[in-house]
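In: Sequence first, then the predicted structure:
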Amino acid sequence: MQKLSLTALARQQLESARSASSGRSADTVVGGHEHVLRQTVIALTAGCSLQEHENPGEATVHVLQGRVVLSSGDVAWSGSAGDLLIVPQARHSLEAVEDSAVLLTVAKLPD
């Protein structure tokens, strides 16, 4: 068994994002591309985003800190600390309204 502090991981990733020229940082903490389940802590500084991309499977975004906007087409959902956003099965993007950290959970669809 392993225990992780999402609060500490969010803080670490935000520190890395603030010092990165891209304004973002990420670390996969459970699973990975070779597994069905993947959980990744992603940090984005205010104004930075993950550009529009496909959803590789069923996914959620749990906002750990800050405020984000998840957009798909003409629809957008705002999320703040404690919110769980369900990622649509469509192209989408994620933008940080303020310095933010999220836990992205993906259950990859079979090929």
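Out: It's in.

In: what element comes up after the helix or strand of the chain with the lowest mean pLDDT heading to the C-terminus?
Out: Lowest by mean pLDDT, DSSP states H and E among the helices and strands of the chain is strand 49-53, with a mean of 90. Reading on from strand 49-53 to the C-terminus, the next helix or strand found by DSSP states H and E is strand 57-65.

In: Show me which positions of that next one end up buried.
Out: 59, 61-65 (16 or more other CB atoms under 10 Å). In short, each C-beta sits where N, CA and C put it, glycine included.

In: which outside residues touch the helix or strand following that strand?
Out: Toward the C-terminus, strand 57-65 is succeeded by strand 67-72 as the next helix or strand (DSSP H and E). Contact with strand 67-72 is made by 44, 52, 61, 76-81, 85, 87-88, 90-98, 100, 102, as judged by CB atoms under 8 Å, 6 or more residues apart in numbering.

In: Pull out the buried members of those residues.
Out: 44, 61, 77, 79, 85, 87, 92, 94-96, 100, 102.

In: How are the helices of the chain distributed by residue range?
Out: 6-19 (DSSP state H).
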